[in-house]
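1. How does the following fold in three dimensions:
(2 chains)
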Amino acid sequence: MAAVLDATADTAPNRGTTEMRRFLMTAVPLAIALYGVIPLVVGGQPYWLNVLTNACLLSFGSLGVWLTFSIGRVNIAQGAFALIGGYTTGVLTTMLGLSFWIALPLSGIVAATIGILIGWPLLRLRGIYFAMVTLSLTEAARLAFVNAGSVGHGVLNIPNPPGINSPLAFYLFAATMLLAGFVAIWRLNVSRIGWVFRSMRQNEELASSIGIDIARFRVLAFAICCFMGGIAGGCFASLQQNIYPQTYTVADSINFMLYCFLGGLEFVLGPIVGTFALVIAFELLRSIQEYQALVYGILMIVVMLFLPNGLLSLRGLISRRAGGAK
Amino acid sequence: MTQILVNGMLLSANYALIALGITLIFSIMNVLNFAHGQMFMIGGFVVYYAVVVWGLPFPLGLLGAAVIVGVIGMVVESVFFRRVMKNSSREENTMLLAVGTALLLENVALSLFGEKQRGIPPIISGVYRLGDAFLPANRLLVLGISLALIAAVLLFVNYSRTGRAMRALAQDRTATLLMGVDVPRISTLGFGLGAALAGIAGALLISISGVNAGIGTAISTKAFIMIMIGGAGVMSGALLGAVTLGFAEALGYAFFPGSVTYLIIFIGLILFLLFRPQGIMGKPWG
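-> Model (predicted):
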């Protein structure tokens, strides 16, 4: 893990030390939380380890959706690509007997390829049109797998990744994936491409007029998103040891998007904070049984109403308040 | 073949109520109402409780569904949307708020109504024959009510004073404000009317196919398909979209198993959007 950080430290953009310090200010606490605090606190409880493994993988998928938010598209298709990734891993490991470590990257690549093919024409759509069509895409993917012959009833007995056979090991694997994903997206976000993406969100025509090939860049963002969705889906399939067409529905795609939003769309850390907050809140509410869903729904709407720019915007609000008070 | 046409017509009329409601809300507020399906579902449950649990006559249940869901719509507009539209930094936020509202309504419904599929007995019994097609009287009644309501909504929006204010609002919010229209009141009314239409659609359809607390997303998806076909924010487009989807569904169900029908509809939709991204009647942008 330290190696991961060091490697990025070397290649991180050299736009002054501020950027580097900001990166470390976020990445180091995140790494400490993922590798130190969480294993220490819940290391002995398989149930919670499982919940947090889920949170790590969901965050990984949400990071991809966050990237499509950064080009100004509301993407409700991540469930479809997680499904594609999950099925790829499932079919490759059970039917072709490939190792998980080969199947997983292939899952990402298959998802990204399909993402490019579908995304190229569809990314011309904007605003609610893109949101609606991606939502339809999730449902279309589910139906396509339902009608896909023998795998339509699901792929069972997907092996766990070789070498990973305890809940703790799987958690550490998921945490490493998440940290790597975070570092990669952060790096992308502060690079030139990140600026291009943001300029496209503000005004695509303007970006195009200064010579940015917007069609290529928006497909790039979407492909990375689909890749991450595919990887997350592949890991899930291996963790749960099965995948069904109904494993990812429209509701899951919507959740991926909500995680980003509730964390804060202005921050790379946003999707991670949003996912962990919502997943943990949902689990903690389990003790109140039938009111779980109700309280969860109310909590979510309260956050939206009072922190419309995400949980992480709280920090900015507080510092502004404190600054004003002085 | 006649049967397919009859089924298509029945579906179209019902879908038109859903599509008109979501279009009304979209054109006035510029908000894509993700909670539309959930409002539909609540409308269905109101009728279920009125008719089956409390033994009230169906028309009363229908009225109750329209009023209750309409009020829910107005509350959602004035408490949630107005607030967030005022102080959010990105335009996506209202759409996400709509998603949050949808989840909230669905979770409330799950807690209140449980997970069971609920239906009511047909409002009137009997079957008519039209050529070689069967036409249950119940469905005919639903068709009649739907068509009457569609006509009423179109008349209201096109010829009443409030309807004119709504259309003005859809064209230009600022100009409407400057002309002295009480914009917040019209927005609330429009949202309420759109929601009430969803509630009525649910109230009518419960006598045919029943509802359950989780049906919302599927209905919203259908509503989205219709406005993607017809063009978002255009009344005529909403009707066209509803007719297209209704007949496509009726045709598909006659020849394919259910899941294949929708797969074909989705593929067709995506191909259609490649050639006409703004829908049939929608205005091109950018």
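
2. ok, B:F134 - contacts?
-> Neighbour list for B:F134: B:3, B:127-128 [criterion: Cβ atoms under 8 Å, 6 or more residues apart in numbering or on different chains]. For glycine as for every other residue, the C-beta is placed from the backbone atoms N, C-alpha and C.

3. For these, which entry has the maximal number of neighbours?
-> The most crowded member of the contacts of B:F134, judged by other Cβ atoms under 10 Å in any protein chain shown, is B:Q3 (15 neighbours).

4. so who does that residue touch?
-> B:132-134, B:254.

5. these two touch, right, B:M95 and A:I128?
-> Yes. Counting by Cβ atoms under 8 Å, B:M95 touches A:I128, with 6.6 Å between them.

6. which neighbours do those two share?
-> A:74, B:32.

7. count of neighbours near A:Q246?
-> 12.

8. I'd say it and A:F145 touch.
-> No. In this structure A:Q246 lies outside contact range of A:F145 using Cβ under 8 Å: 9.0 Å.

9. anything in contact with each of these two?
-> Joint contacts of A:Q246 and A:F145 (Cβ under 8 Å, 6+ apart) do not exist.

10. ok, A:N189 to A:D213 distance?
-> As judged by Cβ to Cβ, to the nearest Å, A:N189 and A:D213 stand 19 Å apart.

11. Looking at those two, which is more packed in?
-> A:N189 (17 against 12).

12. mind listing what that one touches?
-> A:N189 neighbours (Cβ under 8 Å, 6+ apart): A:70, A:197, A:268.

13. mean confidence score for stretch B:93-101?
-> The average pLDDT for stretch B:93-101 rounds to 85.

14. Give me the contact list for that stretch.
-> A:74, A:128, A:131, A:254, A:257-258, A:261, A:297, A:300-301, A:304-305, A:308-309, B:29-35, B:38, B:76, B:80-81, B:84-85, B:88.

15. Mind giving me the PyMOL select for the residues you listed, buried ones only?
-> Buried residues among these (16 or more other Cβ atoms under 10 Å in any protein chain shown), as a PyMOL selection:
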select buried, (chain A and resi 74+128+131+254+257+258+261+297+300+301+304+308+309) or (chain B and resi 29+30+31+32+33+34+35+38+76+80+81+84+85+88)
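
16. Among the contacts of stretch B:93-101, which are located in helices?
-> Within the contacts of stretch B:93-101, membership in helices is found for A:128, A:131, A:254, A:257-258, A:261, A:297, A:300-301, A:304-305, B:29, B:38, B:84-85, as judged by DSSP state H.

17. Where does the prediction get shaky in chain A?
-> Within chain A, the stretches with pLDDT under 70 are A:1-16, A:323-326.

18. what about stretch B:233-244, near chain A?
-> No. Contact of stretch B:233-244 with chain A is not found when judged by Cβ under 8 Å from any Cβ of the partner chain; the minimum separation is 9.4 Å.

19. Return the set of buried residues in that stretch.
-> Neighbour counts over stretch B:233-244 (16+ other Cβ under 10 Å) mark B:233-235, B:237-244 as buried.

20. tell me which of the ones in helices among the contacts of stretch B:93-101 is nearest to B:G199?
-> B:Q38 (10.4 Å; Cβ to Cβ).

21. and that closest one, what does it touch?
-> By Cβ under 8 Å, 6+ apart, the contact list for B:Q38 reads B:101-102, B:105-106, B:109, B:216, B:220.

22. My guess is A:L67 contacts A:I224. True?
-> Yes. Look at A:L67 against A:I224 with Cβ under 8 Å: they come within range, at 5.7 Å.

23. And these two? Which one has more around it.
-> A:L67 (26 against 21).

24. In TSV, list the contacts of A:N189 along with distance to A:R315 and neighbour count.
-> As requested, those are arranged in TSV below (distance: Cβ to Cβ, whole Å; neighbours: other Cβ atoms under 10 Å in any protein chain shown):
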residue	distance to A:R315	neighbour count
A:S70	20	22
A:F197	23	24
A:V268	14	25
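
25. which other helices and strands contact the helix or strand encompassing B:G194?
-> Following DSSP states H and E, one finds B:G194 within helix B:183-205. Counting contacts by 3 or more Cβ pairs under 8 Å, 6 or more residues apart in numbering or on different chains; DSSP states H and E, helix B:183-205 packs against helix B:2-29, helix B:36-48, helix B:58-75, helix B:137-159, helix B:161-171, helix B:173-178.

26. Would you mind listing the buried residues in the shortest one?
-> Right, the one you point to is helix B:173-178. Neighbour-count burial for helix B:173-178, counted by 16+ other Cβ under 10 Å, picks out B:173, B:176.

27. Where does the closest residue to B:Y128 other than its chain neighbours sit: helix, strand or coil?
-> In this structure, B:Y128 finds its nearest non-sequential neighbour in B:L135, 4.4 Å apart by Cβ to Cβ, 6 or more residues apart in numbering or on different chains. Under DSSP: H, G, I helix; E, B strand; the rest coil, the three-state class of B:L135 is strand.

28. Pull the number of nearby residues for B:L135.
-> B:L135 has 20 nearby residues by other Cβ under 10 Å.

29. what's it in contact with, if anything?
-> Contact analysis of B:L135 by Cβ under 8 Å, 6+ apart lists B:6, B:127-129.

30. cool, A:G264 as well?
-> Neighbouring residues of A:G264 by Cβ under 8 Å, 6+ apart: A:270, A:273-274, A:309-313.

31. What backbone torsions are found at it?
-> The phi/psi pair for A:G264 (degrees, to the nearest 10) reads phi 130, psi 120.

32. Next, work out how far apart the nearest residue to it once chain neighbours are set aside and B:V84 are.
-> Counting by Cβ to Cβ, 6+ apart, the nearest residue to A:G264 once its immediate chain neighbours are dropped is A:G310, at 2.5 Å. To B:V84, A:G310 is 13 Å away according to Cβ to Cβ.

33. before we move on, back to that, tabulate the contacts of B:Q38 (CSV), appending secondary structure.
-> Putting these into CSV (three-state DSSP) gives the following:
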residue, secondary structure
B:T101, helix
B:A102, helix
B:L105, helix
B:E106, helix
B:A109, helix
B:G216, helix
B:S220, helix
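
34. If anything else comes up later, I'll come back, but that's it for now.
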